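> fold the following for me, if possible:
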Amino acid sequence: MDELARARAELTRLQCTERTLIEQLLAVRVAMETQKSKINKLVEERPSPINRLPTELLARILSFLLMRGSEVSAKFSEDLPTLRKDLASVSRLWSDLILNTPSFWSGIVLTRKSGAKSLMTQLTRSREQLLDIAIIYPRKNSLDTLWDILIPSRNRWRSVIIKTSAVDVFSDIMSKFNQFKFPCLEEVSLDSHDYDHPLPLSFAHLPALRHLHLGGLHGPEGFSMATTLLTTLSMSNVLIHDRSILPRIATQSLTALTITHANRFHNLDWALGQDTLRFPALQRLLLDVINPYRFLDAIVAPKLEYFDYTHRYGPISGTDNHTFGSKFNHVRHFTSKPRSHLEYLNNSTAYVLCRAFPGVRCASLPAFDIDRFFAAPYPSGGLGQPPADNWKSLERLSLFCDVDAESWSVDVLANWLAKRREFGLPLLHVELIGLCSTYAAQMTMEEFSFRYKRLRDYCLLDFKDMRFSRALRLSTDSGLLNIVRADNKNGITLKNWRELPLDNMDIF
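Sure thing, here's the model as predicted:
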């Protein structure tokens, strides 16, 4: 075969290959289109991302939304039925999960909008779950009907809130309440500001009662908790106007006590005998606008670890030269805060409190009270040293920065920390915490840089939710510095931030 024939044969072979490849390409393209259609169909048929969560995880998330809070006063709101309805409307899966999970129906709220049919539905869906009941400003004309539906489930009641400003409605509810025994009821919260009769609560019908909140109730005559096994007691507003209430408190098992006075303009000043109130199991004590000196002088609480004091402006009476000795040396956590941002702690009060709790390891204070705790008083005070010098074992200091940065006495704090180092005391962990309130501090970067430079050499410095005038928010965690823009959620994270030169830093 000559060369021309061989060339023509090669061309023919290549043309055949071309046709084969084109056919294969067309077949591949058809297969690709078929596969795309299959994928699109699978995507359309696949559950949406919101429905792909494992059922157990989704149920846990919804439980946090529907039963948020750990105290009886925080478990309920009038919006709970609406919240349940809104969550159930998200998808069919969510609806089925909420409708068929009894624990989501264990919180029952009766308000002026509640009806008999809705209540019966909730009780049915809760099955055998323990119930958390809230009766909040109910209508008097529907109360009897709702109560008759609710009371057969009384053996399942775990907690109850009764709150109304109508005296006749409150009396009616309590009259019905005291006719029955509630074997599982652990928490009770009663609040009626205008009720001026003896407290209508039969403790004999509440064998499981452990947590009691009393708000706005008058007339403690004849009232006694001496036979109960309460572990948590909160008394607020005018119930505590009579100091004779105190000897009738069940003290043997009480681990947490909160006393709140309604009148923010003057301290409640009881005349109490020294060491006359014994709380052998008390671990937490919260006093709100009462004279702490009088009360601390009166109590004996060998297991007290947490002390929380909410104050108003002005000195406290009865402090003279008396000390508590080692009475409260075991208290490790101390919190002082004002009723409002305008009420600064008095210098003498700060001294009394620091001297009362010399063993404090963790202290939480408003930043604007730095002067009161960490500066030496004027010579006329005769005290000679900063009140916080009494805290020889202090390890952690949290400062709540809820006012303008200009009010922070950072130099006073820096000088006090420097003296600690001079005396060879361990490095203190200091945390500056921003608050989301109307008066929350909003620093410029220059103000932040100044405070950072003044404090960094004398303590382990951390920040949490500090707000800046440029819509920035700053927090530190485990050596990381997180800076976030509040407007668009963008941010940066710096590792080992304590080693970085943050002076005059410019972000974004």
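
> residue contacts, residue 184?
130, 155-158, 208 (C-beta atoms under 8 Å, 6 or more residues apart in numbering). For glycine as for every other residue, the C-beta is placed from the backbone atoms N, C-alpha and C.

> same question, residue 311
Applying C-beta under 8 Å, 6+ apart, we find residue 311 in contact with 289, 336-339, 343, 345, 349.

> again, but for residue 166
Residues in contact with residue 166 (C-beta under 8 Å, 6+ apart) are 137, 140, 192.

> can you map out the strands along the stretch 301-450 of the chain?
Remark: strands assigned in the stretch 301-450 of the chain by DSSP state E, counting those that start in this stretch are 306-311, 333-338, 362-366, 396-401, 428-434, 442-443.

> picking that back up, give me the buried entries from the contacts of residue 311.
289, 336-338, 343, 345, 349 (16 or more other C-beta atoms under 10 Å).

> include distance to residue 204 and pLDDT when you put the residues you listed into TSV, please.
TSV is the format used below for the buried ones among the contacts of residue 311 (distance: C-beta to C-beta, whole Å; pLDDT from 0 to 100):
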residue	distance to residue 204	pLDDT
289	33	65
336	40	91
337	38	87
338	41	84
343	42	70
345	44	79
349	42	82
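
> dump the residues you listed to CSV, plus distance to residue 168.
Converted to CSV, these look like this (distance: C-beta to C-beta, whole Å):
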residue, distance to residue 168
289, 31
336, 41
337, 38
338, 38
343, 37
345, 43
349, 43
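
> ok, those vs residue 301, which is closest?
Nearest to residue 301 out of these is residue 336 (C-beta to C-beta; 18.3 Å).

> show me the beta-bridge partners of that closest one.
For residue 336, the beta-bridge partners under DSSP bridges are residue 309.

> residues contacting it?
Counting by C-beta under 8 Å, 6+ apart, residue 336 has contacts 309, 311, 345, 350, 353, 363-366, 369.

> next: residue 105.
Going by C-beta under 8 Å, 6+ apart, the list of residues near residue 105 reads 84, 122-123, 125-126, 129.

> so how many other residues sit close to residue 171?
15 (other C-beta atoms under 10 Å).

> check which helix or strand covers it.
helix 167-177 (DSSP states H and E).

> before we move on, back to that, any chance of CSV for the contacts of residue 311, columns distance to residue 277?
Formatted as CSV, the contacts of residue 311 follow (distance: C-beta to C-beta, whole Å):
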residue, distance to residue 277
289, 19
336, 22
337, 24
338, 26
339, 24
343, 27
345, 25
349, 21
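
> how about these, which pair is most distant?
Spatial extent of these (C-beta to C-beta) is set by the pair 339 and 349 at 13.6 Å.

> ok, residue 288 to residue 79 distance?
27 Å (C-beta to C-beta, to the nearest Å).

> what about the two, which has more around it?
Higher neighbour count among residue 288 and residue 79: residue 288, with 19 against 11, using other C-beta under 10 Å.

> wait, doesn't that one sit right on residue 235?
No. When contacts are counted by C-beta atoms under 8 Å, residue 288 is not listed as touching residue 235 (10.1 Å).

> joint contacts of those two?
Counting by C-beta under 8 Å, 6+ apart, the residues touching both residue 288 and residue 235 are 258-260.

> got CSV for the contacts of residue 184, with neighbour count too?
Formatted as CSV, the contacts of residue 184 follow (neighbours: other C-beta atoms under 10 Å):
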residue, neighbour count
130, 16
155, 13
156, 19
157, 24
158, 18
208, 13
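
> quick one: low-confidence residue ranges for the stretch 51-200 of the chain.
67-78, 193-200 (pLDDT under 70).

> ranges for the strands of it?
107-110, 131-136, 157-163, 187-191.

> and the last one, C-alpha only, in CSV?
As requested, C-alpha coordinates have been extracted for strand 187-191 and formatted as CSV (Å, rounded to 0.1, in the frame of the first residue of the first chain):
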residue,chain,number,x,y,z
GLU,A,187,-42.5,25.8,95.4
VAL,A,188,-45.1,28.4,96.3
SER,A,189,-45.0,32.1,95.3
LEU,A,190,-47.7,34.4,96.7
ASP,A,191,-48.0,38.1,95.7
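
> packing partners of it?
Using 3 or more C-beta pairs under 8 Å, 6 or more residues apart in numbering; DSSP states H and E, the elements in contact with strand 187-191 are strand 157-163, strand 211-215.

> and those as TSV, adding distance to residue 408?
What follows is those, written out as TSV (distance: least, C-beta to C-beta, whole Å):
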stretch	distance to residue 408
strand 157-163	39
strand 211-215	35
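
> looking at those, spot the one closest to residue 171.
Here strand 157-163 is closest among the helices and strands packed on strand 187-191 (C-beta to C-beta), at 11.1 Å.

> got the angle between that closest one and strand 187-191?
Here the directions of strand 157-163 and strand 187-191 differ by 10 degrees (axes from the mean of the first three to the mean of the last three C-alpha atoms, to 10 degrees).

> residues contacting strand 157-163, please?
Contacts of strand 157-163 (C-beta under 8 Å, 6+ apart): 72-73, 75-76, 106, 130-137, 170, 173-174, 177, 182, 184-192, 211.

> just for the stretch 201-350 of the chain, where's the confidence low?
217-228, 237-248, 262-271, 289-290, 313-322, 341-342.

> could you pull out the helices for this structure?
3-45, 55-66, 80-88, 92-99, 116-126, 140-150, 167-177, 292-298, 347-356, 370-374, 410-422, 445-455 (DSSP state H).

> contacts only, for the closest residue in space to residue 414 that isn't next to it in sequence.
Nearest residue to residue 414, sequence neighbours excluded (C-beta to C-beta, 6 or more residues apart in numbering): residue 454, at 4.5 Å. The contact partners of residue 454, by C-beta under 8 Å, 6+ apart, come to 410-411, 414.
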